[in-house]
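Peer 1: no sequence on this one, just coordinates:
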């Protein structure tokens, strides 16, 4: 063999050896490859499990309002947590997007689609406002449709003012006068029984020029605290919904003559959550400064009270529903308003929707519409429902009024022609 052939083979041998050396240097060690694979598998598994659990929790919370708390109370707690769970799901969506967990992301997107209607009910986003006013034409001319304005407010004993001091002005009265509402429904409406103070007659007299028609129902065992209706239109019928002598809840059904047309109205204050003041303070402290033993104390105190309140409101909403089915004709307009003490994801709320009532905030509002603002609880528990005979134009939560632990709510409707 020639020297040229030998040198060529030697040259290519050296090149091949160097190539193999570089390849083997780049190839990871077997142990490192296994550890990396295990880590990736564990990461994918944890993300999948967390996504699956969150999806199940979100669905259970969204549809918890179909389960009666007297049968099983746990779903009611999931319902009140729906807003928090929904926010967690939206945040988790972006986490999955950034980590490129496509299968988990697809599962979460499908779940968000499933809970879309409850989410819209809980937090509608009518960015362009509610429905536009309806106009009718007759003989080529436009005819205006009658409008009706409703104001509802849990006053927390008239803004906690000193009702016994006649010289002290009651700001709630001024708010009512400025509302320009046709019908005013007040809960936790209070007065004093002592002469020389803001008695029922005194408060009634301050609004009589605007609202000549009035009705009051006391709370259980509280003569000077209850619910009241002030109306520009005659009250033709008044029926107390819970007729028990003790332990009853405050709710009245009325029939009013509105411009020659009979309309139904309900003013309600369902059972409050009965949380002990000490538990409220404990909850405030836990939100501001978490301590491990606080959870156990809340579980035995506040959670027990909430569970009992859910069961009682379930029975109360059943009474309300039955009275409406028995006393209210289906072809008559109906408005139901007041402090329900339950959110849009609750059994009580759903029980009213199922008899053909519509949530005015869902049709016209923007955002969660929080009406209760105390003790680090932020929920929409004050509602205005309407029957198909009305066209909801707008609804507002009066966050500028901070006289109570609730914000007032007001809505404008058109009463559709028969």
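Peer 2: That came through fine. It should be emphasised that the depicted structure is a prediction, and the values quoted were computed from it without experimental measurement.

Peer 1: please name the residues that touch residue 317.
Peer 2: Listed by CB atoms under 8 Å, 6 or more residues apart in numbering, the contact partners of residue 317 are 270, 347, 348, 351, 352. No exception for glycine: its C-beta is placed from N, CA and C like everyone else's.

Peer 1: what about the helix or strand residue 215 falls within, average pLDDT?
Peer 2: For residue 215, the host element (DSSP states H and E) is strand 213-219. Across strand 213-219, pLDDT averages out at 97.

Peer 1: whichever helix or strand comes after it to strand 213-219, inter-axis angle?
Peer 2: Following strand 213-219 in sequence order, the next helix or strand is strand 222-231 (DSSP H and E). Orientation check (axes from the mean of the first three to the mean of the last three CA atoms, to 10 degrees): strand 222-231 against strand 213-219 gives 150 degrees.

Peer 1: rounded mean pLDDT for strand 222-231, please.
Peer 2: On average, strand 222-231 scores 95.

Peer 1: quick check: next helix or strand after it?
Peer 2: strand 235-240.

Peer 1: return the distance of that next one from the chain's centre.
Peer 2: 29 Å (CA atoms, centre = their mean, to the nearest Å).

Peer 1: which strands border that strand, and is each parallel or antiparallel?
Peer 2: Strand pairing for strand 235-240, using DSSP bridges, gives strand 250-258 (antiparallel).

Peer 1: for the next helix or strand after the partner strand, which positions count as buried?
Peer 2: The helix or strand immediately downstream of strand 250-258 is strand 261-269, counting by DSSP H and E. Buried residues in strand 261-269, counting neighbours by 16 or more other CB atoms under 10 Å, are found at 263, 264, 265, 266, 267, 268, 269.

Peer 1: leaving out sequence neighbours, find the closest residue to the second one.
Peer 2: Sequence neighbours aside, residue 334 is the residue nearest to residue 264 in space, at 4.0 Å (criterion: CB to CB, 6 or more residues apart in numbering).

Peer 1: equivalent analysis for the first one, please.
Peer 2: By the measure of CB to CB, 6+ apart, the closest residue to residue 263 outside its immediate chain neighbours is residue 333, 4.5 Å from it.

Peer 1: any idea how far stretch 315-334 is from the chain center?
Peer 2: 22 Å.

Peer 1: let me know the average pLDDT across that stretch.
Peer 2: Mean predicted confidence for stretch 315-334 is 96.

Peer 1: returning to what we had before: so what are the sheet partners of the strand holding residue 215 and their directions?
Peer 2: Strand 213-219 is paired, per DSSP bridges, with strand 222-231 (antiparallel).

Peer 1: now the angle from the partner strand to strand 261-269?
Peer 2: Going by the same axes, to 10 degrees, strand 222-231 makes 150 degrees with strand 261-269.

Peer 1: buried set for strand 222-231?
Peer 2: Result for strand 222-231 [16+ other CB under 10 Å]: buried residues 224, 225, 226, 227, 228, 229, 230, 231.

Peer 1: likewise stretch 86-105?
Peer 2: Within stretch 86-105, the residues that count as buried by 16+ other CB under 10 Å are 86, 89, 92, 93, 96, 101, 104, 105.

Peer 1: repeat for stretch 241-252
Peer 2: Buried-residue list, stretch 241-252, by 16+ other CB under 10 Å: 241, 242, 248, 249, 250, 251, 252.

Peer 1: just checking, residue 121 touches residue 346?
Peer 2: No - taking CB atoms under 8 Å as the definition, residue 121 is not a contact partner of residue 346, at 10.9 Å.

Peer 1: so for these two, which residue has more residues nearby?
Peer 2: In this view residue 121 and residue 346 are compared by other CB atoms under 10 Å, and residue 346 has more residues nearby, 25 against 20.

Peer 1: that one and residue 77 touch, don't they?
Peer 2: No - using CB under 8 Å, residue 346 makes no contact with residue 77, being 10.7 Å away.

Peer 1: what residues are up against the nearest residue to residue 50 once chain neighbours are set aside?
Peer 2: In space, and not counting its chain neighbours, residue 50 is closest to residue 92: 7.6 Å by CB to CB, 6+ apart. Counting by CB under 8 Å, 6+ apart, residue 92 makes contact with 50, 51, 54, 108.

Peer 1: mind giving me the PyMOL select for these, buried ones only?
Peer 2: The PyMOL selection below is limited to those of these classed as buried (16+ other CB under 10 Å):
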select buried, resi 51+54+108
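
Peer 1: among the contacts of residue 92, which two are most distant?
Peer 2: The distance between the two most remote of these (CB to CB) is 10.3 Å, for 50 and 108.

Peer 1: possible to save the contacts of residue 92 as CSV with pLDDT and secondary structure?
Peer 2: Shown next, in CSV, are the contacts of residue 92 (pLDDT from 0 to 100; DSSP: H, G, I helix; E, B strand; the rest coil):
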residue, pLDDT, secondary structure
50, 97, helix
51, 98, helix
54, 98, helix
108, 98, helix
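
Peer 1: so where do the helices sit in this protein?
Peer 2: The residue ranges that make up the helices of the chain, judged by DSSP state H, are 3-26, 30-62, 74-80, 82-99, 102-114, 116-122, 156-160, 171-179, 200-207, 277-288, 292-300, 302-327, 347-353, 360-364.

Peer 1: winner for burial among those helices?
Peer 2: Among those, helix 360-364 has the highest mean neighbour count (mean count of other CB atoms under 10 Å), at a mean of 23.

Peer 1: low-confidence stretches in the stretch 151-300 of the chain?
Peer 2: The model of the stretch 151-300 of the chain has pLDDT under 70 over residues 276-300.

Peer 1: please redo it, this time with the cut-off set to 80
Peer 2: 221, 274-300 (pLDDT under 80).
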